[in-house]
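[1] The following comprises the amino acid sequence and a computationally predicted model.
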Amino acid sequence: MTVIASTPHPTAAAVPPLAARTGKVGGSPVRDILAVTARPEVINFAGGLPAPELFDRDGIAAAFRDVLAETPAQALQYSTTEGEPSLRAGLAARLSQRGLVTGADDLLVTTGSQQGLSLLATALLDPGDTVLVEDPCYLAALQVFGLAGARIVAVPGDADGVDPQALEELIARERPKLFYTVPTFQNPTGRTLPAARRAAVAQVAARAGVWIVEDDPYGELRYEGERVPWIASYPGAEDRAVLLGSFSKVMAPGVRLGWLRAPAALRRACAVAKQAADLHTSTVNQLAAARCLTTLDAHLARVRDVYRERRDAMLAGLPAALPDGSAWQRPEGGMFLWVRLPASYDTTALLPKVVRQDVAYVPGAPFYAGEPDPSTLRLCFVTQTPEEIGEGLRRLGEGLRS
Ligand code: PMP
């Protein structure tokens, strides 16, 4: 048997250090909290986990079974980097139906939309380039841009999202390569950018010259109100908007499937980056997902009904749980609720006390690329039943009072 020694050979020279970028970007605080709160008794509002009991187990199992029975040689073989034609065609049809005319060739299938962000960083960013983001911003996007060596600058906004005029001023001053945004049911705030601001963002991008990266994993989870068109569909955005989509929140995150819609030259550069990253996304998963697209709308209708009830349960329980002077927004969809406690509260310092009550949230501070607001926190409202949400909020109230 070969034994691999864990202590270095006495005459061994030190190995070269890790790349400098690894020292500048830390692990995800959300994943750290999930590790500490993995005990089954914890009611965990920290993760962004879709409700597992709603996964379409039978439909997904049947899709995999049929794909493997009918086209095993294709399903188990290497595939093209761009993605399986049946999946790209199905996705393009969905986008076109929703008013964004798209052909299968406009899309690159990715291993989750997270990979789309990495590919874009590789294709667009040199170390030292500037990226504009919302404040607060999706955490793992900050990780991607940080690992690419980008300088990250926060764009001011308000309860409706980013302020297009502030965006224009920052583009003029900072000369960024791209502006990254989650305009619909944002992670972490749940905010949705109104149509007029989307039109303005597209115009600003056209005038000032910047890529827009529009990340939309939550748009299909709307519980009330009217759909707002993608920024990519407004005049000015045609040749400079990238749209990222994901199966994670509408089907299942474990299949690791997403997609990217981008103008041709950028899409080709992303495809080269993807060849280097993983050659292509799982063939069998793509073929199964393509079959599931036919029943996705019926599935989504069921998921929306359940999630709407859970959002309402959380909204109903918050006034009794949170201290006087707290503020929160009512999200029209998505998975998250963003809370601001009175200014004397520090949600990072309070978390250990709250976790002792067997409930968890994510402190808001790590989401900020600019000045953090330590009194903020993010709650995910889709993972638990209304009863569990009520109990979790009762515990949260105890933890915050203790
Ligand atoms: N973008 C945003 C805004 C997200 O919230 C997430 C997942 N939490 C992702 C991208 C990544 O999703 P996935 O890779 O599972 O598609």
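    Perfect, thanks for sending it. The shown structure was predicted, so the numbers you read here are calculated from the model rather than taken from an experiment. Numbers count the residues shown, from 1 in each chain.

[2] quick one, strands of the stretch 301-402 of the chain?
    327-328, 336-340, 359-360, 362-363, 376-380 (DSSP state E, counting those that start in this stretch).

[3] got the CA positions of the second one in PDB?
    Listed next in PDB are the C-alpha coordinates belonging to strand 336-340 (Å, rounded to 0.1, in the frame of the first residue of the first chain):
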ATOM      1  CA  PHE A 336     -35.800  37.100  -0.200                       C
ATOM      2  CA  LEU A 337     -36.900  39.700   2.200                       C
ATOM      3  CA  TRP A 338     -34.500  42.400   3.300                       C
ATOM      4  CA  VAL A 339     -34.800  43.900   6.700                       C
ATOM      5  CA  ARG A 340     -33.300  47.000   8.300                       C
END
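
[4] Against which helices or strands is it packed?
    helix 296-321, strand 327-328, strand 376-380 (3 or more Cβ pairs under 8 Å, 6 or more residues apart in numbering; DSSP states H and E). (Glycine included, C-beta is placed from N, CA and C.)

[5] in the longest one, what's buried?
    I take that to be helix 296-321. 296, 299-300, 303-304, 307-308, 310-315, 317-318, 321 (16 or more other Cβ atoms under 10 Å).

[6] and that helix, average pLDDT?
    Averaging pLDDT along helix 296-321 gives 98.

[7] Let me know how buried Thr130 is, in neighbour terms.
    Neighbours of Thr130 under the rule other Cβ atoms under 10 Å: 19.

[8] what residues are up against the closest residue to it other than its chain neighbours?
    With Cβ to Cβ, 6 or more residues apart in numbering as the measure, Pro176 is the residue that lies nearest to Thr130, at 4.1 Å, once sequence neighbours are left out. Contacts of Pro176 were listed using Cβ atoms under 8 Å, 6 or more residues apart in numbering, and they are 129-132, 153, 170, 210.

[9] Name the residues that touch the helix or strand of the chain with the lowest mean pLDDT?
    Lowest by mean pLDDT, DSSP states H and E among the helices and strands of the chain is helix 29-36, with a mean of 73. Here helix 29-36 makes contact (Cβ under 8 Å, 6+ apart) with 44, 46-48, 139, 351, 355, 360, 362-363, 366.

[10] try 10 Å
    26-28, 42, 44, 46-49, 139-140, 188, 348, 351-352, 355, 360-363, 365-367, 378, 380 (Cβ atoms under 10 Å, 6 or more residues apart in numbering).

[11] Can you spell out which helices and strands pack onto the helix or strand just after it?
    Remark: after helix 29-36, the chain's next helix or strand is strand 43-44, criterion DSSP states H and E. Packed against strand 43-44 by the contact rule (3 or more Cβ pairs under 10 Å, 6 or more residues apart in numbering; DSSP states H and E) you find strand 359-360, helix 386-401.

[12] Domain-wise, how is the chain divided?
    24-56+298-401, 57-295 (automatic domain parsing).

[13] Go through these and name the closest to the ligand.
    Among the domains of the chain, domain 57-295 comes nearest to the ligand, with 2.6 Å by Cβ to the nearest ligand atom.

[14] low pLDDT regions in this protein?
    1-5, 30 (pLDDT under 70).

[15] residues in it within reach of the ligand, list them.
    Listed as neighbours of the ligand in the chain under the rule Cβ under 6 Å from any ligand atom: 48, 112-114, 138, 182, 187, 215, 217, 246, 248, 253, 258.

[16] All the helices of the chain, in order from the start?
    Taking DSSP state H as the test, the helices found in the chain are 20-24, 29-36, 57-70, 72-75, 85-97, 112-124, 139-147, 164-174, 195-208, 264-278, 283-292, 296-321, 347-356, 386-401.

[17] any chance of those helices in a markdown table, with distance to Glu332 too?
    Below are the helices of the chain laid out as a markdown table (distance: least, Cβ to Cβ, whole Å):
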| stretch | distance to Glu332 |
| --- | --- |
| helix 20-24 | 36 |
| helix 29-36 | 23 |
| helix 57-70 | 27 |
| helix 72-75 | 38 |
| helix 85-97 | 20 |
| helix 112-124 | 21 |
| helix 139-147 | 22 |
| helix 164-174 | 20 |
| helix 195-208 | 13 |
| helix 264-278 | 31 |
| helix 283-292 | 26 |
| helix 296-321 | 9 |
| helix 347-356 | 24 |
| helix 386-401 | 18 |
